[in-house]
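Undergrad: Pasting the sequence and the predicted model now:
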Amino acid sequence: MLFNSYEFIFGFLPLTVIIFFGLVRFRLLKLATYWLTISSLIFYGYWNPAYVPLLITSIIGNFFFGSYLSTAKPGTRSSQVMLWLGITFNLAILGYYKYAGFLIDSFNHVFQTTFPIPEIILPLGISFYSFTQIAYLVDAYHSSSRNNYDLLTYTLFVVFFPQLIAGPILRHDELIPEFKKLKNFIFSNRNIAYGLTLFILGLAKKVLLADPLSPWVAEVFTHANEVTLVEAWFGAIAYTLQLYFDFSGYSDMAIGLGLIFNIHLPINFNSPYKATSIIDFWHRWHITLSNFLRDYLYIPLGGNRKGSLRRYLNLMITMLLGGLWHGAGWTYILWGSLHGCFLAINHGWRKLGCQMPNAIAWLMTFMAVVFSWVFFRSSNWVDAVAISKAMLGLSSITLPAGMKAIVPWLSQWRVEFAELSHLPSNYQQAFAQLAVLLGGVMVLPNTQQIMQRFQPSWQWAIALSSVTVLCLISLNRVSEFLYFQF
Amino acid sequence: MKKYKRYNFLFLTITLLGVSGFGFVNAAIDPYGIINAPKIQGLNDLKPRQFANIRLFKAIDVIEQRPKTILLGSSRSDWGLDPNHPAFGAKPVYNLGLVGPNMYEVRRYFEHALANQPDLKQVVLGLDFFMFNQYKANSVDFDEKRLGQRFIRLEDLLKTTLSADALNASIETIEASFQSDASYLYTSSGRRFVHGGKLKDSMRTRFETSIAEYLNTEGYYKRFKLSQAFLADLRTLVEVCKARNIDLKVFISPSHAMQWEALRKAGLWSEFEAWKREVVKITPVWDFSGYNSVTTEPVSERMTNFWDSSHYRKEVGDLVLNRLFAHALEQVPNDFGVLLTTETVESGLAQTVTGRAAWVAEHSEEIACKMVSKR
């Protein structure tokens, strides 16, 4: 089930909240926890019930490994073996469901073989719940404090519906203690107010800002080989904005939903497009993933403790695998390696100790990010290269015909003017829209900063209600037949 | 904590009021004509938006009206066949013609009608060549989940009241009703008609654009492959009618001779004939296409038989129904409608060839000038 659907907003959410706090009111805390767990599984299974057993298998398997590891002595041979078995268990599931097709396809390409590619539908959220649980196993192995969770609490930690499908990626020692605090079961009007407000702000980001950009982006990226300079930039910038508003909006919704149940989920975005370096960017973009990659990949690989060459190599490996985590495809690997290079350059530059003016630093960072998103979004690397080339002006430079009246002298420098068919028909308005959004992500406060100014006043209530109504009427579309003479 | 409680209460109340107010306005205007809201002249009596949502509102009309006689086919049926024709015995009658459907869509709407009216008595089915084109994909507003339902789906109800699209449609409805300005509208029994009886474009333009669109649009005459699956859909429909004792009358739509010239120009004449041969293997069919006294009406601004090259007027639709039901046959020109069966199909096809030869001899200049297809 998606947060931005009627089923969720009018059905699932109110029902889950009312029953949960109803049970709490009658002091049936255990039952309330059961309810939250079961409703989370319903939330997950609504999309495709066939993958619920897989999720449950993964949870029970990890619970078993985790229980063993948290009672065994760290560092012993047997607990080492168990840790690796546990990690392999997760990677095997992830590998089969997410990467098998990709690996076979790549193998076929390289060796000109024709092994059949199995048709496996990617289970929702599999990357998220696999990573969450690998982290749990590693922690259980190292644990100084003995975490002995019961199966119910552990299951709820994994399936708690606000974070199950798209993060933020949680650590067990952040979340499980919250489930156990007695005061977190008490219905709190304050948390409901903050939670609802956050949820609506996130919903608005997704529905009102990100979704309308999607057809513009699709038009450019499906015609990667035809687009010219202006169209390519338009598509790349539109996607840069779409992805941010979509993902950060979804994260805001998740955090808001957590708060309704008195659970504090970690923030996942902190104005990433205000970053003035790539290092800074990764402290602001998908923060819980960055932390995960740092703690469970980069540092175990040796981090920066084995000399600068190893450090760059570790960065590269981390980002490459981070890319692959996003999706089984070469474009994601390329995207990851681009960021690996950027980070290595960034660290190298820092060593030199030179300061760059902020504006230039921002611009370089933002451009690097935009180009990397082109690889992230393209369906294959050929398309990505074609769009990048167009953005760099390596194919012909063509401006919209309407601009000829404004800058006719440009035609002296091989600049052509033509109707650009991959731009929206009202492209001036679309440009203005992108410019406003771009300005917004550069200077406006982000959701957390807005929430710091939140007051439970009637003005806030009216403003938020209006946004809610706008969102709700934008969730639905009537698909119409385009008629002419038939 | 009290202020948070008040805030939550305010927020939920205003939102609920806002959403329900929004939905109520759209439900009252009822731009898609599916809620049966009262029609107030000058406010919501003209609903031009229905036309773009024909698969939506007709599916729901069938649920509400449970017709015993249905008229099926493409936009020619939709526009030309009158549910109030005196020949129909089993009432209510509903015109379930769709715009630009393939045979699968038609079959599914037939099954939808049957699900809602197990006592279906009469089916009239108008066939068009393109409905059997393998490249004719289902329309974007065709929604499988809607069909076979006995109630309006919640999703459809929400979409048509709580969406920005519905608001736009409501505004359009109010504007059209207030200014009494619309072109295509629908009667309550599903027949399309032209508001005020006059279209804005000239007849000449309508002929030219229509022909150009047929020639250049995917799914029509741009390329054609006779689909065995769509023939099977027709067969299924025929067999279900037979099994359930439903009287079925099938015909091939009359279009203007110019339309057949376009089809010939697209290089599809032999496919057209092959299609007819396949159809008669499944069911006898009344063929109104070709070159007869109705379809060879000279093209002029004051035509009485046609709206454009492919769409016949209700008056012609009446003649078609007269022929099918052997009703007031004295009004029907003798050469209008030939019954094709496996025995008569070849002579019927030959008759069309001679009919064309005679017509071309007289109109060669006119044809040449009209056939300038625009891109």
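TA: Perfect, thanks for sending it. Residues are numbered from 1 along each chain as shown, chains lettered A, B, ... in the order given.

Undergrad: Look up the pLDDT of the residue nearest to residue B:133 when sequence neighbours are not counted for me, please.
TA: Spatial nearest neighbour of residue B:133, excluding adjacent residues (Cβ to Cβ, 6 or more residues apart in numbering or on different chains): residue B:224 at 5.1 Å. To be clear about C-beta, it is placed using only N, CA and C from the backbone, and glycine gets the same treatment. You'll see residue B:224 listed with a pLDDT of 96.

Undergrad: next one: the biggest helix by length in chain A to chain centre, how far?
TA: Determined from DSSP state H, the single longest helix within chain A is helix A:229-260. Distance, stretch centre to chain centre, for helix A:229-260: 9 Å (Cα atoms, centre = their mean, to the nearest Å).

Undergrad: again, but for stretch A:345-352
TA: For stretch A:345-352, the distance to the chain centre is 28 Å (Cα atoms, centre = their mean).

Undergrad: picking up where we left off before, pLDDT of the longest helix of chain A, averaged?
TA: Per-residue pLDDT over helix A:229-260 has a mean of 94.

Undergrad: center of chain B - which residue?
TA: In chain B, the C-alpha nearest the mean C-alpha coordinate belongs to residue B:75, at 2.7 Å (Cα atoms, centre = their mean).

Undergrad: if we can go back for a sec, mind listing what's buried in the following helix or strand past the longest helix of chain A?
TA: Sequence order places helix A:278-284 as the next helix or strand after helix A:229-260, per DSSP states H and E. Counting neighbours by 16 or more other Cβ atoms under 10 Å in any protein chain shown, one finds that the buried residues in helix A:278-284 are A:278, A:280-282, A:284.

Undergrad: Now residue A:233: closest residue in space that isn't a chain neighbour?
TA: Excluding its sequence neighbours, the residue lying closest to residue A:233 (Cβ to Cβ, 6+ apart) is residue A:391, at 5.6 Å.

Undergrad: Next, count neighbours for residue 268.
TA: By default, I'm working from chain A. 24 (other Cβ atoms under 10 Å in any protein chain shown).

Undergrad: Can you look at chain B instead?
TA: Residue B:268 - counted by other Cβ under 10 Å - has 20 other residues nearby.

Undergrad: Likewise for residue A:468?
TA: 23.

Undergrad: what does the stretch 51-200 of chain B put close to chain A?
TA: B:51-56, B:74-75, B:99-100, B:130, B:139-141, B:143, B:158-160, B:162-167, B:169 (Cβ under 8 Å from any Cβ of the partner chain).

Undergrad: all strands in the stretch 51-200 of chain B, in order from the N-terminus.
TA: B:69-72, B:93-95, B:122-127, B:184-186, B:192-194 (DSSP state E, counting those that start in this stretch).

Undergrad: Tell me which of those strands sits most buried.
TA: strand B:69-72 (a mean of 28; mean count of other Cβ atoms under 10 Å in any protein chain shown).

Undergrad: Distance from the chain centre to that one, please.
TA: Centre to centre, stretch against its chain (Cα atoms, centre = their mean), the figure for strand B:69-72 is 11 Å.

Undergrad: Quick one: residues in contact with that strand.
TA: B:62, B:77, B:81, B:83, B:88-97, B:106, B:109-110, B:113, B:120-126, B:190 (Cβ atoms under 8 Å, 6 or more residues apart in numbering or on different chains).
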